[in-house]
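# This is a predicted model, with the sequence first.
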Amino acid sequence: IVGLSFRALLIGIELINPRHRSWQLTWKEFCTDLFYVGLGYTILRMVDAYIGDGVIVDAVLGAYDWDKFSWFTGMPLLIQALMISLVFDFGQYWMHRGMHNWHPLWLTHAPHHYITQLNINKGAVGNPIELFLIGLGIGGFFDFLPRAALLAGTFGLAIGTYQHINVRFNTPHWWRFLFNTTEHHSVHHSQDFEASRSNYGATWIVFDRLFGTCVDGEAEKLGMEGGRRMQISEAMVYPFSEGWKTSKQWVSQRLHRPDNVPAE
């Protein structure tokens, strides 16, 4: 209830003081977003409970001696949360970057890049497989540190909210240097395909700066194929339908290579 109420409040702020009027929420966009937010609160949450990062960690490290981490748990709470945030985001950076550079993963992630505006709910839009994969991290590894993990997660949620929100606000330079912002994320979703292969961090932009994938700037026109809006039905089957097309093209190219032509 608190989470949904907070979303409603932010949507109201977006309507009053939009960053870009072209990003303002329409009823069609609202209904689409509502479907994806509902998907995240129900089916994806249930799937995560059975095969998510917490379950994986329990299976792999169920008998691990957590006392070996006493050096970490003895640190101040804020330091613990900061380190958890950085470690988690390092994994998110490489998962996200992999989705843009390995075709099978890109097929799951591509529907998310058909959004044509940023607003508070757009982080929930995408194919369910991608939404599950991008949610995987080391969260379960820190279940034995509930306060620090909760603080790190709250911090990441706040930064992630600001990445997508359509509210006019001039981001301080020091904030843009450290964190992924609306400006960075709009470039990541821009209609320029090469520019969109940038700014992969979920919370921090420092890993993008470190590995040379940071692009500073801002874009208003968003989306693949010149801003084509993908329907929910297409997004649900896109990895399979597009994967099938790609497979057929690959087979066709292999069959018609010059070295496959029979000798006379």
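That came in fine, so what should we check first?
# contacts and neighbour counts: CA atoms only from here.
Fine.
# now for the helix or strand hosting residue 105, which elements pack on it?
Under the criterion DSSP states H and E, the helix or strand holding residue 105 is helix 103-109. Applying 3 or more CA pairs under 8 Å, 6 or more residues apart in numbering; DSSP states H and E, one finds that helix 103-109 contacts helix 77-101, helix 128-135, helix 232-255.
# and residue 214, which of the ones you listed is closest to it?
Among those, the nearest to residue 214 by CA to CA is helix 77-101 (11.5 Å).
# The closest one: which residues count as buried?
Buried residues in helix 77-101, defined by neighbour count with 16 or more other CA atoms under 10 Å: 77, 80-82, 84-86, 88-93, 95-97, 99-100.
# and what of stretch 193-211?
193, 195-209.
# From the residues you listed, pick the one nearest residue 227.
residue 193 (11.6 Å).
# related to what we said a few turns ago, nearest to residue 150, of the helices and strands packed on helix 103-109?
Closest among those, once you apply CA to CA, is helix 77-101, at 8.1 Å.
# List of residues touching that closest one?
With contacts defined as CA atoms under 8 Å, 6 or more residues apart in numbering, helix 77-101 is touched by 72-73, 105-106, 108-109, 134, 137-139, 147-149, 151-153, 156, 197, 200-204, 207-208.
# Poorly predicted segments of the protein, please.
56-66, 138-144, 258-264 (pLDDT under 70).
# What ranges does the stretch 101-250 of the chain have for its strands?
Along the stretch 101-250 of the chain, counting by DSSP state E, counting those that start in this stretch, no stretch forms strands.
# For stretch 125-138, C-alpha coordinates in CSV please.
Backbone C-alpha positions of stretch 125-138 (Å, rounded to 0.1, in the frame of the first residue of the first chain) are rendered in CSV as follows:
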residue,chain,number,x,y,z
VAL,A,125,8.2,-2.3,-18.6
GLY,A,126,9.8,-5.2,-20.5
ASN,A,127,9.6,-8.9,-21.2
PRO,A,128,9.2,-11.0,-18.0
ILE,A,129,12.4,-13.0,-18.7
GLU,A,130,14.5,-9.8,-18.9
LEU,A,131,12.8,-8.4,-15.8
PHE,A,132,13.7,-11.5,-13.9
LEU,A,133,17.3,-11.6,-15.1
ILE,A,134,17.9,-7.9,-14.5
GLY,A,135,16.6,-8.4,-11.0
LEU,A,136,19.1,-11.1,-10.2
GLY,A,137,22.0,-10.0,-8.0
ILE,A,138,23.7,-10.7,-4.7
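# so can I have JSON lines of the helices and strands packed on helix 103-109 showing distance to residue 7?
Formatted as JSON lines, those follow (distance: least, CA to CA, whole Å):
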{"stretch": "helix 77-101", "distance to residue 7": "23"}
{"stretch": "helix 128-135", "distance to residue 7": "19"}
{"stretch": "helix 232-255", "distance to residue 7": "21"}
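# For residue 177, find the nearest of the ones you listed.
With distances scored as CA to CA, the stretch of the helices and strands packed on helix 103-109 nearest to residue 177 is helix 77-101 (14.9 Å).
# Tell me, how many residues neighbour residue 150?
16 (other CA atoms under 10 Å).
# what do you get for residue 166?
Using other CA under 10 Å: residue 166 sits among 27 other residues.
# which residues does it contact?
Residue 166 neighbours (CA under 8 Å, 6+ apart): 14, 18-20, 23-24, 118-120.
# Can you pick out the most distant pair from these?
Longest span within the contacts of residue 166, CA to CA: 20 and 120, 13.4 Å.
# So those two - more neighbours on which side?
residue 120 (21 against 15).
# ok, now how distant is the closest residue to residue 188 other than its chain neighbours from residue 159?
Distances taken as CA to CA, 6 or more residues apart in numbering put residue 196 closest to residue 188, at 4.0 Å, once the chain neighbours are dropped. Going from residue 196 to residue 159 by CA to CA, to the nearest Å gives 19 Å.
# ditto for residue 8
With CA to CA as the criterion, residue 8 and residue 159 are 18 Å apart.
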